[in-house]
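Trainee: Sequence first, then the predicted structure, then my questions.
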Amino acid sequence: MAKKKCGLLIKTAVAGIAAGAVYSVIGNILVENLLGKKSIKALIAQGGLMPSEESACFYTSDEALKGIEFYRKKVYEKLFTFNKHGECLHSIYYRNEGSHIYAISCHGFTGDPSQNNIYARRFYEMGYNVLLPYLRGHGKSEHYYCTMGWLDRLDIIDWINYIIEKDSEAKIILHGASMGAVTVMNATGESLPENVICCIEDCGFTSLWEQYTVQIKAMTRIPPEIILKTANPIVRSKLGFDLRDNSPLNQVKKSKTPTLFIHGDKDSTVPFYMNYPLYQNAKCEKERLVVEGATHAAAGYVYPEIYWDAVTKFINKYI
């Protein structure tokens, strides 16, 4: 009887080890395919994740064409700084001589600073200096893994400090779309200098766990909880945080930075319903702009008058 029990325990242990090994392999695949720099480059080469009919406005709208022309003709500087771990952070920078106002504008997943050209043009023409950082896992970033705006929040704080060291009179605006919006919302949940006067987030998600749940449901019949729990230990091991940690919803609850929450009501990538709980739970001064008919991150491209009227009025309250 004892031998049978021992044999059963051994079989159970072997089965558990085998299952654990399988889960580890699956988790590694998920992390590498979702967040590894090589996979992000491959996604960019394939045109990104959005349907072509929705992403076309990023290249063909009047606003996009003006942004592309600005990027091609306006000379920018290449900036770099180091974080406390000695890691080099990269950005591009448009200097507006004599201005003490700075806009830090963060790109989305599979993007880079050049793809924030419409925002750079607008902020620059408003008389601001414009800093466009490379977020982790993208372009010139020296980090291999994308953290979907979580560890990036610390990099943004490093850029804020970099600006203040150069200009003690600096007034800083945080701006981002999609993953960039997540980045700046996450940053506002930290203790920021008074130089940061406001934040504009455009179509950011409530939490990475909830966002991946939405995407997994759209792609497969496998319960998202199983997939996420499989990937989570690998994320903790390789990236140093839990998927549940990346929660702009929790961060805005701690925020003291006035924030404008923007979302298109036809967004199928980051569902529109995520906007209201972010707005509702934010403890800072806040406003909300719902752009009717706009798909994911398209509000500034398709409805620029509505977008920039709201953004300009909001910023002017705090300058």
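Mentor: Ah, there it is.
Trainee: A helix includes Ser91, no?
Mentor: No: counting by DSSP: H, G, I helix; E, B strand; the rest coil, Ser91 falls outside a helix, being strand.
Trainee: Can you get me a residue count around the closest residue to it other than its chain neighbours?
Mentor: Leaving out its chain neighbours, the residue that sits closest to Ser91 by C-beta to C-beta, 6 or more residues apart in numbering is Pro133, at 4.1 Å. Any C-beta I mention is one placed from the backbone N, CA and C, and that applies to glycine too. If you count neighbours by other C-beta atoms under 10 Å, Pro133 ends up with 31.
Trainee: Who are the contact partners of Pro133?
Mentor: By C-beta atoms under 8 Å, 6 or more residues apart in numbering, the residues touching Pro133 are 89-91, 104, 106, 113, 155-156, 159.
Trainee: That one and His107, how far apart?
Mentor: Note on Pro133: its distance to His107, by C-beta to C-beta, to the nearest Å, is 8 Å.
Trainee: do the same with Pro113
Mentor: Distance from Pro113 to His107, by C-beta to C-beta: 6 Å.
Trainee: related to what we said a few turns ago, roughly how far does the residue nearest to Ser91 sit from Val252?
Mentor: In this view, Pro133 and Val252 are 21 Å apart by C-beta to C-beta.
Trainee: again, but for Glu87
Mentor: Distance, Glu87 to Val252, using C-beta to C-beta: 27 Å.
Trainee: When the two are compared, which one has more neighbours?
Mentor: It is Val252, of Glu87 and Val252, that has more neighbours when counted by other C-beta under 10 Å, with 28 against 14.
Trainee: Give me the spatial nearest neighbour of the more buried one, chain neighbours excluded.
Mentor: The shortest distance from Val252 to any non-neighbouring residue, by C-beta to C-beta, 6+ apart, is to Ala282 (4.1 Å).
Trainee: since we're on that neighbour, how many residues are nearby?
Mentor: 26.
Trainee: and if you look at Ser178?
Mentor: Quick note: Ser178 (other C-beta under 10 Å) scores 26 neighbours.
Trainee: Equivalent analysis for His143, please.
Mentor: By other C-beta under 10 Å, 19 other residues sit near His143.
Trainee: any idea whether the closest residue to it other than its chain neighbours is helix, strand or coil?
Mentor: Ranked by C-beta to C-beta, 6+ apart and with sequence neighbours excluded, the top spatial neighbour of His143 is Arg136, at 4.1 Å. Following three-state DSSP, Arg136 is assigned to coil.
Trainee: ok, Arg136 - contacts?
Mentor: Contacts of Arg136 by C-beta under 8 Å, 6+ apart are 143, 145-147, 151-152, 155.
Trainee: out of these, who's nearest Gly240?
Mentor: Nearest to Gly240, judged by C-beta to C-beta, of the contacts of Arg136 is Leu151 at 7.6 Å.
Trainee: Excluding residues flanking it in the chain, which one is nearest that closest one?
Mentor: Nearest one to Leu151, counting by C-beta to C-beta, 6+ apart, is Arg136 at 6.2 Å.
Trainee: go on, Val214?
Mentor: Pro271 (6.1 Å).
Trainee: Wait, a helix at Val25?
Mentor: Yes: judged by three-state DSSP, Val25 forms part of a helix.
Trainee: Now do the helices in the stretch 201-319 of the chain.
Mentor: 208-219, 224-239, 248-252, 275-281, 299-302, 304-316 (DSSP state H, counting those that start in this stretch).
Trainee: Sorry, wrong one. I was asking about the stretch 1-150 of the chain.
Mentor: Assigned by DSSP H, counting those that start in this stretch, the stretch 1-150 of the chain shows helices spanning 2-35, 37-45, 52-55, 57-60, 62-73, 117-125.
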